[in-house]
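Trainee: When you get a sec, could you give me coordinates for this:
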Amino acid sequence: MVYQRSASKVCGLSLHLMVLFRGTAGSYQAWADAVGDSAYEFENLLPFFKKSVNFTAPNIDVRGGPAIPYQSSAYDPAGGPLHVAYWNDYLEASPYIRSALQEAGFRETDGIESGSLLGFAQWPATVDPDAMVRDSSETSFGRQAIESTTLRFYIGSTAKKIVFSGKKATGVMVETAGITYKLKARKEVVLAAGAVRNRLAPEHRLKADGNDSSVRHNYSWFQASVQRSSSVR
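Mentor: Predicted coordinates for the structure are as follows:
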């Protein structure tokens, strides 16, 4: 199966039609079992999912149509900065689609953001609830970081490989506009990559191989394309 993945300034959020989606509890359990690390189980990831999202409940008065079932426990009122809401447009074809799915044996579910995708539901979208325009990783996480931290962005750049001194990570080779250069790390090199076409070894495996660098579980929004070093398996 081929997974289409975008390349954007901060994260791969530009090709998924603004749908907020989380995997199933079973898929995360399989991931945890495969790497021998319970940190990847759904219940352990859920606090990070909730921390990232600023959820707004559907406005039926404006939207029209029937109520949308959802689980409020899948979100945190203090979450953010990525806005998530339901579109204020009710499609006239929706009742017919619902009837067809029910006739086919599917049931409507409220658990699509709580680890269960069995059934059908209306997906929430990464949109500003007031303006009803797309809220991207750049306009949410990126803008927050620019305004409140000293984080520096390297636009249009690709991380090519991790630089090691012995078995300690000391920096990253980066390419911008065809020019390759090295960024030195003062404390550590943190890898943060997506689940598709990226392979990060669990911490215990890196330590077993004698690596001195600290590898943290980073469930952040930043996504980099990292060429695997022979010292990172």
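Trainee: for this structure, what helix or strand is lowest in average pLDDT?
Mentor: Using mean pLDDT, DSSP states H and E, helix 203-208 stands out as the lowest-scoring helix or strand of the chain, at a mean of 64.
Trainee: As a quick check, tell me the outermost residue of this structure.
Mentor: Distance to the chain centre peaks in the chain at residue 103, reaching 33.6 Å (criterion: CA atoms, centre = their mean).
Trainee: Quick one, grab the pLDDT at that residue.
Mentor: The model reports residue 103 with a pLDDT of 96.
Trainee: Break this protein into its domains for me.
Mentor: 25-148, 154-233 (automatic domain parsing).
Trainee: Looking at those domains, which is nearest to residue 19?
Mentor: domain 25-148 (4.7 Å; CB to CB). (Each C-beta comes from the backbone N, C-alpha and C, glycine too.)
Trainee: end-to-end on the closest one?
Mentor: End-to-end distance for domain 25-148, by CA to CA, to the nearest Å: 34 Å.
Trainee: can I assume residue 141 is in contact with residue 82?
Mentor: Yes: under the criterion of CB atoms under 8 Å, residue 141 makes contact with residue 82 at 6.6 Å.
Trainee: Would you check the distance separating stretch 97-109 from the middle of the chain?
Mentor: Distance, stretch centre to chain centre, for stretch 97-109: 29 Å (CA atoms, centre = their mean, to the nearest Å).
Trainee: What are the buried residues along that stretch?
Mentor: Neighbour counts over stretch 97-109 (16 or more other CB atoms under 10 Å) mark residue 109 as buried.
Trainee: Endpoint to endpoint, that stretch covers what distance?
Mentor: End-to-end span of stretch 97-109 (CA to CA): 15 Å.
Trainee: Mind listing residues that contact that stretch?
Mentor: Residues from elsewhere that reach stretch 97-109 (CB atoms under 8 Å, 6 or more residues apart in numbering): 69, 116, 117, 118, 119, 120, 121.
Trainee: Tally up the residues packed near the last one, please.
Mentor: This means residue 121. 18 (other CB atoms under 10 Å).
Trainee: my read: it touches residue 110, true?
Mentor: Yes: contact criterion CB under 8 Å: residue 121 and residue 110 qualify, at 7.0 Å.
Trainee: Could you check how far residue 124 is from residue 86?
Mentor: Residue 124 sits 6 Å away from residue 86, going by CB to CB, to the nearest Å.
Trainee: more neighbours, the two?
Mentor: Between residue 124 and residue 86, counting by other CB under 10 Å, residue 124 is the more crowded of the two (25 against 21).
Trainee: so who does that one touch?
Mentor: If you count contacts by CB under 8 Å, 6+ apart, residue 124 has them with 19, 20, 55, 70, 84, 85, 86, 113.
Trainee: Can you list phi and psi of it for me?
Mentor: phi -70, psi 160 (degrees, to the nearest 10).
Trainee: how far away is it from residue 113?
Mentor: For residue 124 relative to residue 113 (CB to CB), the value is 7 Å.
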